[in-house]
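Q: This is the structure alone, sequence omitted:
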């Protein structure tokens, strides 16, 4: 993979999930989007940490955007590249795009704080990403197709691309499964080299190929993976002569590594750990305390809210314990940790990991509560301290690997039948449920859900996150490339 102009690149990432005033409203998962974009820059585009500035929430002041941002941009030199990513509220006033700051109720002109400084700098190559209109109060996404606003400021001989999550007045949507903006997730996937559909000519991600990819796959995700009836139309503007490559993969045989010719591809960068816990609602101490409400065999908004209330204190205690242990084990400070507790769950976010706890009723038995815990690692497990597992009071028991591409149930079953015949183990397939389960002779359970597009690994014995990951890696390697 050839990264173009990496040594002279400056990246500024801005994520506004909350504002000092409630006037604009919060933007769910904005911090997740910003952190994921920074990780992609470091891990995939190999951009050094010192060349990435990540400003979030209260750090994004009016003074910073009006003074520090223009100064940084004006200092860019010829031959370098500027990458800018903004997730926050934006709108348009009299043909001028406006952004918001954490501490300002007034809107800031994109021309003044970014476009004019860029046009006046020596930098002739930039990638500018804007994720607007997610839960805005009274704000509408600006008109990115107002070419006069942008082309008058940018040298036509330069190579600049502006990517917007939605068209004028449109809405940008989140994925609850990803816990990110759908558009931002697809931007990161494309630039990471995880989607062959994003490739242009010469096996390169180009301005045009990235734009086409976003315009195709963002609305497709909404139609196929959500119940949202509306659509989202990303927009892109390019300045310069002809198309321009961003990243070249011409020297690589494949972006995604095929999983041992088993009929699917792994999204290795999206692996996470998970566990499910089922508890009788009637036996909960919080239910027994004088509660006379009769348990229902149905799941309704009322029954779910009731169950959420029963777990309110337990969720607070679990997130609090993880917070305290994370500070101690990882030597973190309060400002290094984002935690949230709400009816129905809680979360804790650091640069090293993200932890989510979700409370639901068991769909198969509504008299039971179903607790889902997920752990997303943002650092290589080899770099984690030996006592990392001490952070979590409840240990997770399975590794989940999202799968890419179209899954052919019959084809995957046949390949696992070959594996069973040649290397033993036990295969169970259920076409009605869309699941394929293979248990190796060593005791590893591999479960593939075609509908959920995920591969689940459950080692026979485990104690802690690090050992679970290690055994899952070893076991998966033996399934993908079994010794003859």
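A: Cool, got the structure. Every value quoted in this text rests on a predicted model; they were computed, and no experiment measured them.

Q: Provide a list of residues in contact with residue 430.
A: Going by CB atoms under 8 Å, 6 or more residues apart in numbering, residue 430 touches residue 436. C-beta coordinates here come from the backbone N, C-alpha and C atoms, glycine included.

Q: Quick check: it vs residue 84, distance?
A: Using CB to CB, to the nearest Å, one gets 48 Å for the distance from residue 430 to residue 84.

Q: And residue 274, by the same measure?
A: From residue 274 over to residue 84 (counting by CB to CB), the distance is 35 Å.

Q: Can you give me the domain assignment for this protein?
A: Per the record's domain assignment (automatic domain parsing), the chain is made up of the domains 2-248, 265-480.

Q: Could I get the full set of helices for the chain?
A: Under the criterion DSSP state H, helices of the chain are mapped to 30-39, 62-63, 69-74, 110, 116-119, 147-151, 182-192, 207-225, 285-288, 301-310, 312-330, 409-423, 465-480.

Q: Any idea how many residues pack against the spatially closest residue to residue 177 that is not a sequence neighbour?
A: Nearest residue to residue 177, sequence neighbours excluded (CB to CB, 6 or more residues apart in numbering): residue 225, at 7.3 Å. With neighbours defined by other CB atoms under 10 Å, the count for residue 225 comes to 14.

Q: again with residue 382
A: Residue neighbour count, defined by other CB under 10 Å, stands at 8 for residue 382.

Q: circling back: and the helices of the chain, which one is worst for confidence?
A: With a mean of 65, helix 147-151 has the lowest mean pLDDT of the helices of the chain.

Q: Now do the contacts for residue 128.
A: Shown here is residue 128, whose contacts under the criterion CB under 8 Å, 6+ apart are 82, 83, 84, 114, 160, 161, 162, 163.

Q: Excluding chain neighbours, give the residue nearest to the first one in space.
A: Counting by CB to CB, 6+ apart, residue 82 lies nearest to residue 126, which is 4.2 Å off, once chain neighbours are set aside.

Q: what's the neighbour count on the one you found?
A: As a burial measure, the neighbour count of residue 126 was computed by other CB under 10 Å and equals 25.

Q: average pLDDT for the longest strand along the chain?
A: Among the elements of type strand in the chain, defined by DSSP state E, the one spanning the most residues is strand 365-377. In this model, strand 365-377 carries a mean pLDDT of 94.

Q: name the helices or strands packed onto it?
A: Contact here means 3 or more CB pairs under 8 Å, 6 or more residues apart in numbering; DSSP states H and E; on that basis strand 365-377 packs against strand 272-280, helix 301-310, strand 353-362.

Q: Parallel or antiparallel, which strands does the shortest one pair with?
A: Take DSSP bridges as the rule and strand 272-280 pairs in its sheet with strand 365-377 (antiparallel), strand 398-404 (antiparallel).

Q: who does the residue nearest to residue 82 bridge with?
A: residue 82, residue 160.

Q: if I look at it, how far off is residue 84?
A: When CB to CB is applied, the distance between residue 126 and residue 84 equals 7 Å.

Q: middle-most residue in this structure, spatially?
A: The geometric centre of the chain, computed from its C-alpha atoms, lies nearest to residue 180 (CA atoms, centre = their mean), at 4.6 Å.

Q: give me every residue that touches that one.
A: When contacts are counted by CB under 8 Å, 6+ apart, residue 180 is found next to 29, 32, 33, 36, 174.

Q: residue ranges with poor pLDDT in the stretch 1-150 of the chain?
A: In the prediction, the stretch 1-150 of the chain carries residues with pLDDT under 70 at positions 1-7, 133-149.

Q: all strands for it, in order.
A: Secondary structure of the stretch 1-150 of the chain (DSSP state E, counting those that start in this stretch): strands located at 2-3, 9-15, 52-56, 81-87, 90-93, 96-101, 104-109, 125-131.

Q: Packing partners of the fifth one?
A: Using 3+ CB pairs under 8 Å, 6+ apart, the elements in contact with strand 90-93 are strand 96-101.

Q: Who does the strand it packs on pair with, and is each partner parallel or antiparallel?
A: Looking at strand 96-101 with DSSP bridges, its paired strands and their directions are strand 90-93 (antiparallel), strand 104-109 (antiparallel).

Q: most neighbours per residue, which of these?
A: strand 90-93 (a mean of 19; mean count of other CB atoms under 10 Å).

Q: that older thread, between the strands paired with strand 96-101, which gets nearest to residue 268?
A: Taking CB to CB as the criterion, strand 90-93 is the member of these that comes nearest to residue 268, at 33.8 Å.

Q: Would you mark the buried spots in stretch 218-236?
A: Across stretch 218-236, burial judged by 16 or more other CB atoms under 10 Å covers 218, 219, 221, 222, 232, 234, 235, 236.

Q: should've said stretch 95-106
A: Of all the residues in stretch 95-106, those buried under the rule 16+ other CB under 10 Å are 97, 98, 99, 100, 101, 102, 104.

Q: Just give the nearest non-adjacent residue to the second one, would you?
A: Spatial nearest neighbour of residue 98, chain neighbours left out: residue 107 (3.5 Å); criterion: CB to CB, 6+ apart.

Q: Same check on the last one?
A: Spatially, and ignoring its direct neighbours in sequence, residue 104 is nearest to residue 62 (3.8 Å; CB to CB, 6+ apart).

Q: which ones are touching the one you found?
A: Neighbours of residue 62 in contact, by CB under 8 Å, 6+ apart: 101, 103, 104, 106, 108.
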